[in-house]
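[1] Build the 3D model from these lines:
(2 chains)
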Amino acid sequence: MDNTTDSLLETFLFETNSLLEQLDERLINAEKAGSFTEDDVNEIFRSMHTIKGSSAMLEYQSLTEVAHHIEDLFFYIRENGMDTLDEEQKSELFDLMFKSMDRLGEDITRVENNQPLDADITDFTNEINSFLKRIQKKDADSSPAALSKAASPDVSSFKMDAPYLLRVFFEPDCGMENLRSFMLVTALEDKDLTFQFFPEDVETNSSTVGTIAENGFLLGFSSEKDAQSAIRVLKSTSNIHTYELISNQSNMQEEAGIPETAVPGKTNHTPPAGSTLLAGGSAPASHTKQSLISVNLSKLDKLMAVVGEIVITESMVIASPDLQNVKLDNFLKSARQLRKLTDDLQDIAMSLRIVPVSSVFQKMNRIVRDMKKTLNKDVRLTIIGEDTEVDKTIVDSISDPIMHIVRNSMDHGIEDTVEERLEAGKEAQAEIILSAKHTGSEVIISVEDDGKGMDTDAILAKASRNGLLTKPVEEYSKKEILSLLMLPGFSTNSEVTEFSGRGVGLDVVRKNVEAIGGVVSITSEEGKGSKTTLKLPLTLAIVDGMEISIGGNIFTIPIANIRQSFKATNEDIILDASGHEIIKCMDEFFPIVRIRDLFHMEEGFTDIDDGIMMWVEASDKSYCIFVDQLIGEQQVVVKPFPPYLNNFNIKHSGISGCTVLGDGNISIILDIGSIYTAAQEIF
Amino acid sequence: MSDTTSTGNLEEEQQTTSRFLTFTSDNLVFGVSTDNVIEIITNYMIRPLPMVPDYIRGIINLRGQIIPVMDMRLKLGKPFMEYTASTCIIILEIDSLHIGIAVDSVLQVQNINTALASPIPIENRQELTNLMLSLEDGTVVLLLDCEAVIRGSL
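    This next block holds a predicted model:
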């Protein structure tokens, strides 16, 4: 039992979260347009209805209430159209809706965290109600008519023209009878049954609760077969107390006698009801049910691991030394086919984890909107490439960093007043461009604003005040100054504001991004704006690597870190005062790290002439490493080290993981960022 | 009366008797509970790791699983001996952690009554072992303390 509730809860959270996300997006777009389209109104109405229904099932009172009131509000708007609202009311409506979204979102978070829900929501529902009353008052003439029309129709006036009737009674006191009826209707529609039902407006009219509780919910079928299959559905539906099958033949004859009144009235009425249902909740919902399933991420991780194994094992089999020098035509043919299939399998497994970044980007819309109001700055957010796809884990972990950068731009980047902007010869409306694009094995996400840019002198002054400078002020290049921003304990704004600068700054952004193997860089031009760029790997599980050897051992260097590899001679090496080796490359000087010496390996070249030099880069570190030879490029599946080895602080010695090569041997993946740190400790 | 005591002893003995895998390292006989032993492998390519103590020989790829290998001799401070055909790696699972230990040779699996084992005298105590006992044939077995094996950099 617990298990079913758990999975029910999980589905509920998943559904509601995605509904809220969609609504948020819709609201943002609608607000930009200044009004809700008919589509928006219908969609909001339906979503609220779904949320209301499902939270009532799980007995989340406050969620149900809030959704219920918004539903009422949008019922009214749907009936009367957006045009009845004046501009002020529209903006009020938007604010109210955003507030409600937050409210629902908070409640969902509470449910997720197993916290009790806020029981007292009367203030909030009153707010919605009073707004509804206000807009109703405006056209007081039309609304009572509309409402009374919607109010429960007389049961006695009802005649069902179907030969077989099913009268369904729900369990007494189960509550929300109208919703349960509607769910029943949806379930039956999924079974492709044609039928009529009464009361017809169960989806929209909550006053039908009483009618259904008293007289039951009536379903009319044209054949006994349909009625029987409906009974099967009823049996599997919960909360149904009793049902009875009534043969309605006599009624039919009666009705046939008075066709002018009952039947046409009926036929005129049913199709619209049916068609709105089809166009509305049920049809798209059942469609998504079929094409989308949610899967636990850890299962995908396992799948990925197994697929990685298969790929490796496959090359082990094909490259098996036993098969060397043997002519096996058929084997090779099958082997090629196998390779193709495993490649496909790997691609598919990879693509399962890949999702568009749009979910993160859309959140920024909301942040910009809220901050715009609070900070009183006119800013538009332009989003480019939101359909760029990245590994799910990466999408999840860039949300906070991007949010932080956008907030920073809003708060510190954009000029405080319009006058300031106009004086600088810019448009009154500021712009923040959030863009994502693929470049080979990386995704580049950038946040660009056309604000005042960064004041390098101020940054330097602040850094020196905070004691963050490691060399004389004059020696800092612009790039270095900007990277000071990302040092722990640096925040250019001395005041703590609501949105950014809570003592944590860009250093957290950098830490988060680096944790997933990305790089952050900032460029800025004073007076013109600044741009923060995140370079991220597409996925964490598979890395494009360059295999190199030192002695008999093979290492893998992520291609993303490699700038260049070149042959050097002993004459190129320059020794600094303390005897460290330095090499000149592209007119710049770089320190050399000999991996052989760093790892105290017994084998490997010592003569610079024999080996090869690789210029590597990781975040702000750029240097050369000396290795024996390059073997080749290969995609590798990254495996973490066994936890036992953490005892030896292995992560700080410049290696980040290992991978199994095609021949079953292990290659160690070098972590370019930490090698340099490790090397410095040794020197 | 005498009957009951003997059955009692038997039961007791059964409770404290468990199967141990015995192996040698530097002419010492060690025993490790078979509950912890996953498998014994020979002739495996060990990939050395940089920046670890010498008794960590490296990591092996056991059917896709990466497992660290510790050398018993080096761990016990004995001189290193090149691996031969009789050198075995015993894969142990301790607290769901996998670790391989390289030993000179594996002897056999036998029942050992741990109740008969006694603590190792303080002055002879070594890392990794906690109990010792002598078998019927006179050999002395040191029982491996699995917890100590994974306790890491001692």
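[2] so which helix or strand takes in residue A:436?
    strand A:430-439 (DSSP states H and E).
[3] same question, residue B:31
    strand B:28-33.
[4] Kindly provide the whole-number mean pLDDT of that strand.
    For strand B:28-33, mean pLDDT rounds to 88.
[5] Can you list the strands that that strand pairs with?
    strand B:17-25 (antiparallel), strand B:140-144 (parallel) (DSSP bridges).
[6] rewinding a little: send me the strand holding residue A:436 as CSV with only the CA atoms.
    Written as CSV, here are the backbone C-alpha positions of strand A:430-439 (Å, rounded to 0.1, in the frame of the first residue of the first chain):
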residue,chain,number,x,y,z
ALA,A,430,18.4,47.2,-21.1
GLU,A,431,18.9,43.8,-22.5
ILE,A,432,20.2,40.6,-21.1
ILE,A,433,21.0,37.9,-23.6
LEU,A,434,21.0,34.3,-22.4
SER,A,435,22.3,32.0,-25.1
ALA,A,436,23.4,28.4,-25.4
LYS,A,437,25.1,26.7,-28.3
HIS,A,438,26.9,23.5,-29.1
THR,A,439,30.5,23.5,-30.2
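[7] and it, which strands flank it?
    strand A:379-384 (parallel), strand A:442-449 (antiparallel).
[8] And that strand, what's buried?
    A:430-436 (16 or more other C-beta atoms under 10 Å in any protein chain shown). In short, each C-beta sits where N, CA and C put it, glycine included.
[9] For the residue sitting nearest the centre point of chain B, which non-adjacent residue is spatially closest?
    In chain B, the C-alpha nearest the mean C-alpha coordinate belongs to residue B:32, at 3.8 Å (C-alpha atoms, centre = their mean). By the measure of C-beta to C-beta, 6 or more residues apart in numbering or on different chains, the closest residue to residue B:32 outside its immediate chain neighbours is residue B:144, 4.3 Å from it.
[10] can you count the residues close to that neighbour?
    25 (other C-beta atoms under 10 Å in any protein chain shown).
[11] right, and it touches residue B:120 too?
    No: when contacts are counted by C-beta atoms under 8 Å, residue B:144 is not listed as touching residue B:120 (11.8 Å).
[12] Got the confidence number for residue B:127?
    Residue B:127 is given a pLDDT of 68.
[13] Could you list every helix and strand in contact with the helix of greatest length in chain A?
    Using DSSP state H, we find that the single longest helix of chain A is helix A:2-33. Helix A:2-33 is packed against helix A:38-57, helix A:87-112, helix A:358-375, with contacts defined by 3 or more C-beta pairs under 8 Å, 6 or more residues apart in numbering or on different chains; DSSP states H and E.
[14] what distance separates it from the centre of its chain?
    12 Å (C-alpha atoms, centre = their mean, to the nearest Å).
[15] so residue A:681, which of the three states?
    Here residue A:681 is recorded as helix under DSSP: H, G, I helix; E, B strand; the rest coil.
[16] Please work out how many residues are found near it.
    By other C-beta under 10 Å, 10 other residues sit near residue A:681.
[17] what separates it from chain B, distance-wise?
    According to C-beta to the nearest C-beta, to the nearest Å, residue A:681 and chain B sit 11 Å apart.
[18] In terms of pLDDT, where does that residue sit?
    72.
[19] hmm, back to that, between the longest helix of chain A and helix A:38-57, how big is the angle?
    For helix A:2-33 against helix A:38-57, the angle by axes from the mean of the first three to the mean of the last three C-alpha atoms, to 10 degrees is 160 degrees.
[20] What residues of helix A:2-33 count as buried?
    Using 16+ other C-beta under 10 Å as the test for burial, helix A:2-33 gives A:12-13, A:15-16, A:19-21, A:23-28, A:30-31.
[21] do stretch A:676-683 as well
    Quick answer for stretch A:676-683 (16+ other C-beta under 10 Å): A:676, A:678-679.
[22] Alpha carbons of that stretch, as PDB, please.
    This file holds the C-alpha atoms of stretch A:676-683, laid out as PDB (Å, rounded to 0.1, in the frame of the first residue of the first chain):
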ATOM      1  CA  TYR A 676      49.400  21.900 -11.700                       C
ATOM      2  CA  THR A 677      48.500  22.400  -8.000                       C
ATOM      3  CA  ALA A 678      50.100  19.100  -7.200                       C
ATOM      4  CA  ALA A 679      53.200  20.000  -9.100                       C
ATOM      5  CA  GLN A 680      53.500  23.300  -7.300                       C
ATOM      6  CA  GLU A 681      53.500  21.500  -4.000                       C
ATOM      7  CA  ILE A 682      56.400  19.400  -5.000                       C
ATOM      8  CA  PHE A 683      58.500  22.100  -6.400                       C
END
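[23] quick one: the one residue in the stretch 201-350 of chain A that gets nearest to chain B from residue A:181, how far?
    Using C-beta to the nearest C-beta, the closest approach of the stretch 201-350 of chain A to chain B is made by residue A:309 at 4.4 Å. Per C-beta to C-beta, to the nearest Å, residue A:309 is found 51 Å from residue A:181.
[24] So for residue B:73, which of the strands paired with strand B:28-33 sits nearest?
    strand B:17-25 (5.7 Å; C-beta to C-beta).
[25] how about the closest one: buried residues?
    Quick answer for strand B:17-25 (16+ other C-beta under 10 Å): B:20-25.
[26] now that strand, how far from the chain's geometric center?
    Using C-alpha atoms, centre = their mean, the offset of strand B:17-25 from its chain centre is 7 Å.
[27] Show me what it is in contact with.
    Applying C-beta atoms under 8 Å, 6 or more residues apart in numbering or on different chains, the contact partners of strand B:17-25 are B:29-35, B:37, B:40, B:72-73, B:76, B:78, B:88, B:90, B:103-114, B:141, B:143.
[28] Quick check: ChimeraX command selecting the buried ones in those.
    Buried residues within the contacts of strand B:17-25, by 16+ other C-beta under 10 Å, are selected in ChimeraX with:
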select /B:30,31,32,33,37,72,73,76,88,90,103,104,106,112,141,143
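[29] taking the contacts of strand B:17-25 one by one, which sit in helices?
    Checked against DSSP H, those include these in helices: B:72-73.
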